[in-house]
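Trainee: Any chance you could fold what I've pasted below:
(3 chains)
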Amino acid sequence: MSGSEVAFAIFTALALGGALVALFERSVVRSAFAMFGTFMGVAGLYLTLGADFLAMTQVLIYAGGIMVLYLFGLMLTKPSRYERNLRRIGLGAALAGGLALILLVKLFGGMNGSVPGPDELPAPEPTAEAIGLAFLRADEWLFAFEFASVLLLATLVGAVYIARRRPEPRSEEAA
Amino acid sequence: MGLEAYLFVSLLLFVIGLVMAAARRSLIYVLIGLELILNAANLNLVAFQRFHPESGLDGQIGAIFVIILAAAEAAIALAIVLNVFSRFGSIRPDDMNTLRD
Amino acid sequence: MPTADFFPLLLAVPLLPLGAWLLQVLFGSRLPRGGDWLPTGAMLGAFVVAVLLFLRAWGLDDEYFVWSTSATGGGHGWKWLVSDPAFREGLAAFRAGLWYDAWTAPLLAMVAGVSFLVHLFSTGYMKGNSRYSAYFAGLALFSFAMLAMLVSDNLLFVFGFWEVMGLCSFLLIGHDSLDRDNPRPRAAAAAVKAFLTTRVGDVALLLGLAMLWNGFGTLQFHELQVAVPEMIERHQGWPQWLETAGLLVFLGAVGKSAQFPLHVWLPDAMEGPTPVSAMIHAATMVAAGVYLMARAFPVLAPGVLALVAVIGAFTAFFAATIALTQDDLKKVLAYSTISQLGYMIAAVGMGSPDGALFHVFTHGLFKAGLFLGAGAIIHACHHEQDLRLLGGLRKRMPLTYASMLLCTASISGVPFLSGFYSKDAILGFAADTWSQGAGPAAYLPLALLVLAAPLTALYMFRMFLLTFSGEARSEDAAQAKEVPMPMSVPLILLGLGAAVGSLLWIAQPHPTESGHTTATLLAGVSLVIGLGAALLFFQFKKASPARASAAFGPFTRAARGLYGVDHFYQAAIVVPSKLIGRACAGFDRRVVDGAVHGLGKLAIRAGEQLRRAQNGRIQSYIYLTYAGLLALTLFAVWRVS
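Mentor: Numbering: from 1, shown residues only, chains lettered A, B, ... in the order given. Predicted structure coming up:
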């Protein structure tokens, strides 16, 4: 077992384990914290794929930003501490499982060595500078990048507007 | 590890996300399920990019855009969840059924 | 020859009632007196103009004169459908214009005059009717169409105005079916029957005209007069198609002029108000068929003419026997009209359009008088029109009595009255046909017409005596009073017209000397027999009509049953048509509508099932989304592999 395989195993276990805990854990807070593990595991998998910049982004934005946002959301909405049960999980699992089965069959039926093995790949290089340049070059991603920044700004304004809207009469009696 | 291994992990994450979005009894977990699905997709993108070096960095850049969109989605969705909570006093999806027939 | 200043005058005759109709339709019900003075006044104007024109024509060559606006291509004619002049040597352009000749002149004056008098009579007769102004609008439109038909110079215009008349006839027969106080559904049925029955003939006529146009490239009278002999010369005989076309034109006349076997609509048309019967179904419109035959005379092949003569003579006899058995005042007159129309058609068939139109002219006068007299009686007797319940009206309605006496005598052929001359002429031609031809087509017309002549006198005087002599046989008849002024004036004038009208006919027909002598003899004998029998039966009561009719047993019953023609049509055409119609309606309702409604119900049911899915639960929708995703993936995998 090589070092990379060990790393892959650890990160996979972290990601899938976190996801499973998040799925089945009845305590909302605990399952939210399990999601940190998932995000970190995925970030690790990015690292094993040589995507160092993406891994950092994942940690910063998902683990540091989005999850914190969700935690705030959980706290602000006062959920019951424990969910009683998962709603019709059998049906969801069946549907999702069917989908997974088909994709699996395709996955292992369709590769046929058209993809190079892990040993034939060139060694990964640092990507931060390359990505930064790609974003800034007008003939590559500049427009999408600027567009994304405008989108984020609009999102921010919109989110503030939605969250701060006057509560309607019905909410007052509920509150 | 080969491409199949990454795709398999991605598939499992995707399925777990699907079940979470469909089965957990809280709007926030529906959203978290969506995040899992997006992560699975991202993992796919990056893995394919890695195993197809001729494609340059496009896979990773696509993944970055997905992350950006996920952040935006999370912000808006949470704002909506807060609004829903203030209107219905609950964030259980089953309680929000005023659009039913 | 009349000069060009004829044109506006001639055009004014039909245009006056047309303008009156337009105003009447638009404003009639808002005008004082329902606007009845508008068409009546217009008709008076048209009549005066027609008389002026007639007087000018009177002074011209009394043999034949012709004035046409489109004969020489100049003048005031109209030219339509102009196509390549090289095509058909320039004949393909459709030309139309006005036409005025020795036939048109008296007929135009007669129609305008009768129409005016009927308008005048109607102001009294229809008083208080709930659709008073609509009635006058119908009369005005009818008068326009009839007058316009008479001044047209081509068969297509004749056909067009003929159709307008058919429409007016339909509207006016059905007039009472929409009455506010006393609606009569039978009137509507009669209107439909009249319209559909004449339609059979009209379709044939249109086909015939199409064939003529195709063959000659013209439908103008004077051009056909030239073109037909040329065609016969080129073909060394009558071409097959021309015979067919003539037959089709005749079929049109059979429908409009109520000849056997399409006569069934005319008796039912008596459902219309009596002045309408007087004008449309006695004096003018039904004579249009005869007029058409006279104008289309050049295109009728000898074989067709023989058929025309036989059909006309048969109808004259056949309808006369039915008239003898009818107890309804108006029905007697209706069958009498059919019979007289048979005389006219027979005259055309025997080669004398002159004689036919002469009879149209005199018949128009005395039959209008008879119908208006009947209208006066019906009006005076509170809509009682059963001969068995009338009687004794001579003293109570002296004016009507005098007028009706003149008209009855005229139609019966009493010497020196107008009907005598015209019928005499027709019988003279029949005698000529007998002596000059061979085979049944030669002697059948004379035989049937001579048989019909005493019957005419008999049924007319039967009606007349039952109405006026003896004692009143009902309360209504006993209390009858003479009709007031606007109704009595037309009666007097038409009575006078019935007496002396024959003097006004310009183109007197001339059978041969021997034929004329024979005819006078036969007519005299017929009159004596018919009138004598009527007086015996109904005036002096020396013989019982019941015994006489019993002597003819089965024949009487058949005549009372209208010889089963109506029943035959009912069984052979009306009932099957209704069955087919009902079947189609059923198919439409069950299958076509069923499919439409079924689709609607399917959508509703599907919606009711699908609304269960619309339960407002987000996660149910998520499941559905997954199912769709699964299906799409399956589809994609199946397509790729």
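Trainee: Any idea which residue of the stretch 351-500 of chain C lies closest to chain B?
Mentor: Going by CB to the nearest CB, chain B is nearest to C:His383 of the stretch 351-500 of chain C, at 66.3 Å. All C-beta spots, glycine's among them, are computed from the backbone N, C-alpha and C.
Trainee: wait, is that residue part of a helix?
Mentor: No - applying DSSP: H, G, I helix; E, B strand; the rest coil, one finds C:His383 to be coil, outside a helix.
Trainee: What's the local residue count around it?
Mentor: Other residues near C:His383 come to 10 when the count uses other CB atoms under 10 Å in any protein chain shown.
Trainee: what do you get for A:Val115?
Mentor: 17.
Trainee: same deal with A:Val59?
Mentor: By other CB under 10 Å, the burial measure for A:Val59, its neighbour count, is 18.
Trainee: likewise C:Arg396?
Mentor: Quick note: C:Arg396 (other CB under 10 Å) scores 18 neighbours.
Trainee: Show the contacting residues for the closest residue in space to it that isn't next to it in sequence.
Mentor: Ranked by CB to CB, 6 or more residues apart in numbering or on different chains and with sequence neighbours excluded, the top spatial neighbour of C:Arg396 is C:Ala480, at 4.9 Å. Residues near C:Ala480 by CB atoms under 8 Å, 6 or more residues apart in numbering or on different chains: C:377, C:380-381, C:393, C:396-397, C:472.
Trainee: likewise C:Ile411?
Mentor: C:Ile411 neighbours (CB under 8 Å, 6+ apart): C:336, C:340, C:363, C:366-367, C:370, C:419, C:456, C:460, C:498.
Trainee: can you check C:Trp213 too?
Mentor: With CB under 8 Å, 6+ apart, C:Trp213 has these contacts: C:156, C:219.
Trainee: all helices for chain A, in order.
Mentor: Under the criterion DSSP state H, helices of chain A are mapped to A:3-24, A:28-48, A:52-57, A:67-76, A:89-110, A:128-136, A:142-163, A:169-174.
Trainee: Could you check the angle the first one makes with helix A:28-48?
Mentor: What that stands for is helix A:3-24. Angle of helix A:3-24 versus helix A:28-48, following axes from the mean of the first three to the mean of the last three CA atoms, to 10 degrees, is 160 degrees.
Trainee: Nearest to chain A: which residue in the stretch 151-300 of chain C?
Mentor: Of all residues in the stretch 151-300 of chain C, C:Arg180 sits closest to chain A, at 60.9 Å by CB to the nearest CB.
Trainee: and the gap between C:Leu178 and C:Tyr135?
Mentor: 11 Å (CB to CB, to the nearest Å).
Trainee: out of these two, which sits in the busier spot?
Mentor: Comparing C:Leu178 with C:Tyr135 by other CB under 10 Å, the one with more neighbours is C:Tyr135, at 27 against 14.
Trainee: correct me, but that one touches C:Gly174?
Mentor: No - counting by CB atoms under 8 Å, C:Tyr135 stays clear of C:Gly174, with 11.3 Å between them.
Trainee: quick one on the thing from earlier: doesn't the residue of the stretch 151-300 of chain C closest to chain A fall inside a strand?
Mentor: No - C:Arg180 is assigned coil when assessed by three-state DSSP, not a strand.
Trainee: Leaving out sequence neighbours, find the closest residue to C:Glu384.
Mentor: C:Glu384 sits nearest to C:Asp476 (CB to CB, 6+ apart), 4.3 Å away.
Trainee: One more: C:Val151?
Mentor: C:Leu98 (5.0 Å).
Trainee: What does C:Leu98 show for phi and psi?
Mentor: phi -100, psi 160 (degrees, to the nearest 10).
Trainee: Identify whichever of the helices of chain A lies nearest to chain C.
Mentor: Nearest to chain C, of all the helices of chain A, is helix A:89-110, at 4.2 Å by CB to the nearest CB.
Trainee: How far does that closest one sit from its chain's centre?
Mentor: The chain centroid and the centroid of helix A:89-110 are separated by 20 Å under CA atoms, centre = their mean, to the nearest Å.
Trainee: same deal with stretch B:9-27?
Mentor: That offset, for stretch B:9-27, works out to 9 Å (CA atoms, centre = their mean).
Trainee: Using CSV, write out the CA atom coordinates for it.
Mentor: Taking Å, rounded to 0.1, in the frame of the first residue of the first chain, the C-alpha atoms of stretch B:9-27 are listed here in CSV:
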residue,chain,number,x,y,z
VAL,B,9,-16.6,7.7,-3.9
SER,B,10,-18.3,10.4,-5.8
LEU,B,11,-21.2,8.1,-6.6
LEU,B,12,-21.6,7.2,-2.9
LEU,B,13,-21.5,10.8,-1.8
PHE,B,14,-24.1,11.7,-4.5
VAL,B,15,-26.5,8.9,-3.4
ILE,B,16,-26.1,9.9,0.3
GLY,B,17,-26.9,13.5,-0.7
LEU,B,18,-30.0,12.3,-2.6
VAL,B,19,-31.3,10.4,0.3
MET,B,20,-30.6,13.2,2.7
ALA,B,21,-32.5,15.7,0.6
ALA,B,22,-35.4,13.4,0.3
ALA,B,23,-35.7,11.9,3.7
ARG,B,24,-34.5,14.3,6.5
ARG,B,25,-37.2,16.2,8.2
SER,B,26,-35.6,19.6,8.2
LEU,B,27,-35.3,22.2,5.4
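Trainee: So that stretch, near chain C or not?
Mentor: Yes - residues of stretch B:9-27 contacting chain C under CB under 8 Å from any CB of the partner chain: B:18, B:21-23.
Trainee: From B:Thr98, how far off is C:Ile622?
Mentor: 18 Å.
Trainee: Flag the helix or strand of chain A with the lowest per-element mean pLDDT.
Mentor: helix A:169-174 (a mean of 50; mean pLDDT, DSSP states H and E).
Trainee: show me the contacts for the closest residue to A:Thr155 other than its chain neighbours.
Mentor: For A:Thr155, ignoring the flanking residues on the chain, the nearest one in space by CB to CB, 6+ apart is B:Ala72 at 3.9 Å. Shown in contact with B:Ala72 (CB under 8 Å, 6+ apart): A:151-152, A:155.
Trainee: Out of the residues you listed, which is nearest to C:Leu10?
Mentor: Within the contacts of B:Ala72, the smallest distance to C:Leu10 is 87.3 Å, found for A:Leu151 (CB to CB).
Trainee: ok, that closest one - contacts?
Mentor: A:Leu151 makes contact with B:68-69, B:72 under the criterion CB under 8 Å, 6+ apart.
Trainee: Just those residues: which are in helices?
Mentor: When DSSP H is applied, the contacts of A:Leu151 are split such that B:68-69, B:72 fall in helices.
Trainee: on that earlier part again, go ahead and confirm the residue of the stretch 151-300 of chain C closest to chain A touches C:Ser130.
Mentor: Yes - using CB under 8 Å, C:Arg180 makes contact with C:Ser130 at a distance of 3.6 Å.
Trainee: neighbour count winner among the two?
Mentor: Shown here are C:Arg180 and C:Ser130; by other CB under 10 Å, C:Ser130 has more neighbours (13 against 8).
Trainee: my guess is that one meets C:Asp181, correct?
Mentor: Yes - counting by CB under 8 Å, C:Ser130 touches C:Asp181, with 6.0 Å between them.
Trainee: Distance of C:Val111 relative to C:Leu139?
Mentor: Going from C:Val111 to C:Leu139 by CB to CB gives 13 Å.
Trainee: One more: C:Ser514?
Mentor: C:Ser514 is 46 Å from C:Leu139, where distance means CB to CB.
Trainee: who's more crowded, the two?
Mentor: Taking C:Ser514 and C:Leu139 together and counting by other CB under 10 Å, C:Leu139 has the greater number of neighbours (31 against 12).
Trainee: tell me which element the more buried one is part of?
Mentor: If you go by DSSP states H and E, C:Leu139 is part of helix C:132-151.
Trainee: where's the helix or strand following that helix relative to the chain centroid, distance-wise?
Mentor: The helix or strand immediately downstream of helix C:132-151 is helix C:155-173, counting by DSSP H and E. Computed by CA atoms, centre = their mean, the chain-centroid distance of helix C:155-173 equals 9 Å.
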